[in-house]
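In: No letters, just coordinates:
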């Protein structure tokens, strides 16, 4: 029987996504149990993402998508029947219905959509410090800056506001240290450089003093959920900014949405394309936060769907929470790839009709292994199925069509983003005194390098101090177990100090690299020597640790032998006494032997 997929079928009550020997779809109330769309390049992940997003929108569920390749804007325009779709219609025994969906376009860079902005205060010190990859000392200084900002009622909205506050903290370090903790000028400098890196990636356009209300994403229009599309093709090239945006967005949704319990359908659905960018080189503290939010946000009616090439791109603790899976073909070029395929296949509930491991290598474009949660929340038996075609256009709309949607949006700001006339005018204006004098620039670089070298010397001193502690401990320690437990933290801290010294050295090279000034070159050599001293100190520390550990191991072995001798001596003494007072015991013992 021919059916139109875009009519509300109350009896079916599924979000149709694929066809095997029957239609396969997501149970609406399980839509917030999160999901995964995975597969090698060119296997059809983007189309599968579009099919699911359109399905949720049709149900009246608002959607957010990060569009990494610019292909998803086609949902704003009705698709058209082609020969491939006609063939699929006949094969499936269904009839496609094409339609456009309500869309909002956003762009952090204000080029392909309306801007999304947030203040520095809204982002918070902890999240910002993780994004900037600050160490514990630097994070402490940043926290002090946020604390002073609150106490003095001077909100930090932009990166410039944060820079000014850091300068104030540095200039008043002695006074602040008495009540809030030590403030290192070198740490302030490190934070300033990290902010510069973030700004170069476009962070000043995101952290620019105007908070976006994430609840504005949750809208419907004519009974359909609005599909919010973030232009992320350029954003994906700025991993720090991309991570900043995703962390803030997830956190803001989690903090602002109320608990809804078990609803009939999700309140909001999130799709993150190229999900590996969210997890690559991310510190454990941030990964823990992501895991926590993904685990708890479903109780607020939000479903999070990750799109990536391989499931192993997703940390196991997060992957375990993704209930609805669309797995496209994988490639096996290496032994590692083969292990991945086996691992993915083992994650499905087995279907006796085929072997998942073999199917993963045979799937054609647009075909996938699918397992959605059933009404009770249990994974369904894996199905080998062909994805349905989207109701919207496959591929991007034109620039003119995008411009029309942006300018008609309630988010549209006249000075952004389409024409960008003001930016064009600013570029055409003559720039007065833009570049500082060479002498001033060299003086600034010189001061910065001196600060770096000074900080490096402190690290060398700390490593030397740790070495002395271990040497001293080695001479006075009697208890082997206590000694081991005492040494290990020292070695761990020493390794951290070496990493810090390595980072400082890289900063020296980066700062001086382009300069030919002799004084700067001399400082670079000085920095190299300090770094070499740090490495030598750490090597000595390792030698000390190995020596003490060997000695302690020998002590343990010796103590064990002595204990065995003592036990044997007491046993022999007991037997001798027993033989004296109970002569018959000799016969009993002989029988037992």
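Out: Nice, I can see it. Owing to the predicted nature of the structure, the values given are computational and were not obtained by experimental measurement.

In: residues near residue 216, how many?
Out: As a burial measure, residue 216 scores 14 neighbours (other C-beta atoms under 10 Å). (Each C-beta comes from the backbone N, C-alpha and C, glycine too.)

In: List the residues that contact it.
Out: Counting by C-beta atoms under 8 Å, 6 or more residues apart in numbering, residue 216 makes contact with residue 411.

In: isn't there a helix covering it?
Out: Yes - counting by DSSP: H, G, I helix; E, B strand; the rest coil, residue 216 is found in a helix.

In: So it versus residue 356, what's the distance?
Out: Distance from residue 216 to residue 356, counting by C-beta to C-beta, to the nearest Å: 42 Å.

In: what are the phi and psi angles of the spatially closest residue to residue 44 that is not a sequence neighbour?
Out: Nearest non-adjacent residue to residue 44, counting by C-beta to C-beta, 6 or more residues apart in numbering: residue 366, 4.4 Å away. Per-residue torsions, residue 366: phi 90, psi 0 (degrees, to the nearest 10).

In: Check the one 5 residues further on too.
Out: When read as degrees, to the nearest 10, the backbone of residue 371 gives phi -140, psi 110.

In: Could I get the pLDDT score of it?
Out: For residue 371, the model assigns a pLDDT of 96.

In: again, but for the one 5 residues further on
Out: You'll see residue 376 listed with a pLDDT of 92.

In: Would you map the helices across the stretch 301-450 of the chain?
Out: Applying DSSP state H, counting those that start in this stretch to the stretch 301-450 of the chain gives helices spanning 316-319, 335-346, 356-362, 399-407, 421-428, 438-476.

In: Now the weakest link among those helices, please, by mean pLDDT.
Out: Lowest mean pLDDT within the helices of the stretch 301-450 of the chain: helix 421-428, a mean of 43.

In: how is this protein carved up into domains?
Out: For the chain, automatic domain parsing gives the domain ranges 15-116+212-407, 120-208, 443-568.

In: among those domains, which is nearest residue 577?
Out: Using C-beta to C-beta as the measure, domain 443-568 is the one of these that comes nearest residue 577, at 15.2 Å.

In: What is the neighbour count of residue 140?
Out: Residue 140: 18 surrounding residues under other C-beta under 10 Å.

In: Need the contact partners of the helix or strand encompassing it.
Out: Assessed by DSSP states H and E, residue 140 sits inside helix 136-151. Residues outside helix 136-151 that contact it (C-beta under 8 Å, 6+ apart) are 121, 124-126, 128-129, 132, 134, 154-156, 162, 165-166, 168-169, 176, 180-181, 183-184, 187-188, 190-191, 194.

In: Just the ones of those in helices?
Out: Of those, the ones assigned to helices by DSSP state H are 121, 125-126, 128-129, 162, 165-166, 168-169, 176, 180, 187-188, 190-191, 194.

In: Selection in ChimeraX covering whichever of these are buried, please.
Out: A single ChimeraX command selects the buried members of the ones in helices among the contacts of helix 136-151 (16 or more other C-beta atoms under 10 Å):
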select :121,125,128,129,162,165,166,168,169,176,180,187,188,190,191,194
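
In: Just give me the longest strand of this structure.
Out: strand 302-308 (DSSP state E).
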